[in-house]
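# give me coordinates for this.
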Amino acid sequence: MGLMDRFESLPGWDLVEKGLRDLAQGEETVEALLVAIGSPRLRGLGITVPESPVSSPEHRLYEVLAESEPDSAHGRYNALIRRLVNLERAAECGPIVNDASLRAFMRELGREADIESSVYFTGGATVVLLGWRRSTIDADIRLVPDFDRLLRAIPKLEESLRINVKLASPADFIPELPGWRERSIFIAREGKITFYHYDLYSQALSKVERAHRQDLDDVEVMLKRRLIDPRKALELFAQIEPQLYRYPAVHGPSFRSAAERVFGKP
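Down below sits the predicted model:
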């Protein structure tokens, strides 16, 4: 697999690809500014990055985000930078997560468990296992309970299987939805661990809040496949809306507008 092919298989490449095109055309867009920020590492990876006329793309990107939605600019800026860094890291380090590596991870982690446990896959891992994307950068999981034996085993499995594993779930970004455990989808049982897809409504709402193009594309696939019901999604959003004050990075009115735009106004 060539370098460009490797980039194209990774989440986040859509942002970089558009940014490269916009920079070449002299357009000042969020994507162009993001690529300008990452240009040193991207060039180091062999990507041809046009010169940016902006002397401080970091400051200008924040200004552009603040012009459209000032209350959420900080969170959106950090999220964009994280996506860029994750893509650069994956291209530099090599490992990607696909269906085979996720299945191997489940088998090996199951051998480590000595008590009954649950592991909830989320984000790119769910998308890969459900089959509408071939690979992702990280396997995002939530352990219940997160006992030491499994936490110690994960770094060893990352090294032996050449995958990246992160402890992350929608509850890190938005309030937990009521009934999320019951709605989580069974995947497999390995040893004493039961593996699930983290509640798809939780995943969909957290993707809508982040509002990245790829996240919104994932939600569209969930809707088309009838994995989630738009009315139910809006009902669940209404239940967590009073708790959004606990998440300072989330701008409640913008989140509501995005949810209604994606799932349809009731």
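# list the buried ones in stretch 230-240?
Going by neighbour count (16 or more other Cβ atoms under 10 Å), the buried part of stretch 230-240 is Pro230, Ala233, Leu234, Leu236, Phe237, Ile240. For glycine as for every other residue, the C-beta is placed from the backbone atoms N, C-alpha and C.
# now distance to Arg133 and pLDDT too, for those, in a markdown table please.
Output for these, formatted as a markdown table (distance: Cβ to Cβ, whole Å; pLDDT from 0 to 100):
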| residue | distance to Arg133 | pLDDT |
| --- | --- | --- |
| Pro230 | 22 | 97 |
| Ala233 | 21 | 98 |
| Leu234 | 26 | 97 |
| Leu236 | 24 | 98 |
| Phe237 | 25 | 98 |
| Ile240 | 27 | 98 |
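# looking at these, spot the one nearest Pro175.
Ile240 (4.1 Å; Cβ to Cβ).
# mind listing what the closest one touches?
Each residue near Ile240 by Cβ atoms under 8 Å, 6 or more residues apart in numbering is listed here: Ile174, Pro175, Glu176, Leu177, Leu205.
# looking at neighbours, which among those is most surrounded?
Leu205 (28 neighbours; other Cβ atoms under 10 Å).
# which outside residues touch the helix or strand hosting it?
Per DSSP states H and E, Leu205 falls inside helix 200-210. Here helix 200-210 makes contact (Cβ under 8 Å, 6+ apart) with 79, 122-123, 126, 169-171, 173-174, 176-177, 180, 183, 185, 197, 215-216, 218-219, 222, 227-228, 232-233, 236-237, 240, 250, 255, 258-259, 262-263.
# can you tell me which of the contacts of Ile240 is closest to Arg133?
The closest of the contacts of Ile240 to Arg133 turns out to be Leu205 (Cβ to Cβ; 19.5 Å).
# how about the helix holding Leu205: buried residues?
Across helix 200-210, burial judged by 16+ other Cβ under 10 Å covers Leu200, Tyr201, Ser202, Gln203, Ala204, Leu205, Ser206, Lys207, Val208, Glu209, Arg210.
# so can I have TSV of those residues showing distance to Val85?
Formatted as TSV, the buried residues of helix 200-210 follow (distance: Cβ to Cβ, whole Å):
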residue	distance to Val85
Leu200	27
Tyr201	29
Ser202	25
Gln203	22
Ala204	25
Leu205	24
Ser206	19
Lys207	19
Val208	23
Glu209	20
Arg210	15
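# quick one: the helices in the stretch 101-250 of the chain?
Ranges of helices within the stretch 101-250 of the chain are 124-130, 148-161, 180-183, 200-210, 213-224, 230-240, based on DSSP state H, counting those that start in this stretch.
# report the distance from the last one to the chain centre.
When you say that, I think you mean helix 230-240. Going by Cα atoms, centre = their mean, to the nearest Å, the spacing between the C-alpha centre of helix 230-240 and its chain's C-alpha centre is 21 Å.
# okay, that helix in PDB with CA atoms only?
The C-alpha coordinates for helix 230-240 follow below in PDB (Å, rounded to 0.1, in the frame of the first residue of the first chain):
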ATOM      1  CA  PRO A 230     -34.900   9.900  14.200                       C
ATOM      2  CA  ARG A 231     -37.900  10.500  16.500                       C
ATOM      3  CA  LYS A 232     -36.300   8.400  19.200                       C
ATOM      4  CA  ALA A 233     -33.000  10.300  18.800                       C
ATOM      5  CA  LEU A 234     -34.800  13.700  19.300                       C
ATOM      6  CA  GLU A 235     -36.600  12.300  22.300                       C
ATOM      7  CA  LEU A 236     -33.400  11.100  23.900                       C
ATOM      8  CA  PHE A 237     -31.700  14.500  23.200                       C
ATOM      9  CA  ALA A 238     -34.500  16.200  25.000                       C
ATOM     10  CA  GLN A 239     -33.900  14.000  28.000                       C
ATOM     11  CA  ILE A 240     -30.200  14.900  28.300                       C
END
